[in-house]
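Q: sequence-free structure coming up:
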């Protein structure tokens, strides 16, 4: 299948799209031990939450309480017995790290606020449709399952869907292109019939007012 026949006319492989590094190797099962380890650990965490009845807050609190107790008793006993203290690194956040994190968060928040402003003023009808569909999907999924089950399911999908897609790429692309073209035609009709008319009605109301 040529690059012009690929979905969205992409020129890169799945591995390159995912970054081409360790994360891509894990998602595509090229580092099977790490991928399997992540799945086993997350499955264990999900079982702990589902069977034991622990909440995230209570589990985190219990783990930190146990950790701090062990370190405190270790340090006290080491001082009494003239033994070395716990081998802890210097825990400190540099100003550069904080500024980079703040800049990263600021850029993403500004992007979200820009989209919110465009939707609020009726500037982008297509973006409104996408956001509304996304929020509706999240609402429906959230009503069917809890947060931890959803998180584990998403992780399993992230670690299986890209690998499955890479293996059967040609067959999936063929059917995906057919579905994409049909959906695009439906979206164009919906935009002409509904969204465009609503946008014109809003503009007319603004002119009359």
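A: Sure thing, it's come through. Treat the numbers as computed from the prediction; the structure is a model and nothing was measured.

Q: drop to CA atoms for contacts and neighbour counts, all remaining ones
A: Will do.

Q: Helix, strand, or coil at the spatially most central residue of the chain?
A: With distances taken as CA atoms, centre = their mean, residue 154 lies nearest the centre of the chain, 8.4 Å away. For residue 154, the secondary structure call by DSSP: H, G, I helix; E, B strand; the rest coil comes out as helix.

Q: Next: residue 83.
A: At residue 83 the chain is in coil, as set by three-state DSSP.

Q: which residues touch it?
A: Contact criterion CA atoms under 8 Å, 6 or more residues apart in numbering gives residue 77 as the residues in contact with residue 83.

Q: Distance of it relative to residue 91?
A: Distance, residue 83 to residue 91, using CA to CA, to the nearest Å: 22 Å.

Q: And for residue 22?
A: Residue 22 is 26 Å from residue 91, where distance means CA to CA.

Q: try residue 202
A: As defined by CA to CA, residue 202 lies at a distance of 56 Å from residue 91.

Q: So the two - more neighbours on which side?
A: Per other CA atoms under 10 Å, whichever of residue 202 and residue 91 has more neighbours is residue 202, with 13 against 6.

Q: contacting residues for that one?
A: Residue 202 makes contact with no residue, according to CA under 8 Å, 6+ apart.

Q: Tell me, how many residues neighbour residue 32?
A: In terms of burial, residue 32 registers 13 neighbours under the definition other CA under 10 Å.

Q: again with residue 69
A: Counted by other CA under 10 Å, the residues lying close to residue 69 total 12.

Q: Repeat that for the one 5 residues further on.
A: Using other CA under 10 Å, the number of residues around residue 74 comes to 15.

Q: element containing it?
A: Remark: residue 74 resides in helix 56-80, with elements defined by DSSP states H and E.

Q: Residues touching that helix, excluding its own?
A: The set of residues external to helix 56-80 that reach it, using CA under 8 Å, 6+ apart, is 49, 83-86.

Q: which parts of it are buried?
A: Of the residues in helix 56-80, those buried under the neighbour-count criterion (16 or more other CA atoms under 10 Å) are residue 75.

Q: Can you pull out the low-pLDDT segments for this protein?
A: Of all residues in the chain, those with pLDDT under 70 make up the ranges 1-11, 207-209.

Q: can you do 50?
A: Across the chain, the stretches falling below the confidence threshold (pLDDT under 50) are 2-4.

Q: Could I get the full set of helices for it?
A: Taking DSSP state H, the helices of the chain run over residues 14-17, 22-27, 32-52, 56-80, 95-120, 125-144, 147-167, 169-190, 196-208.
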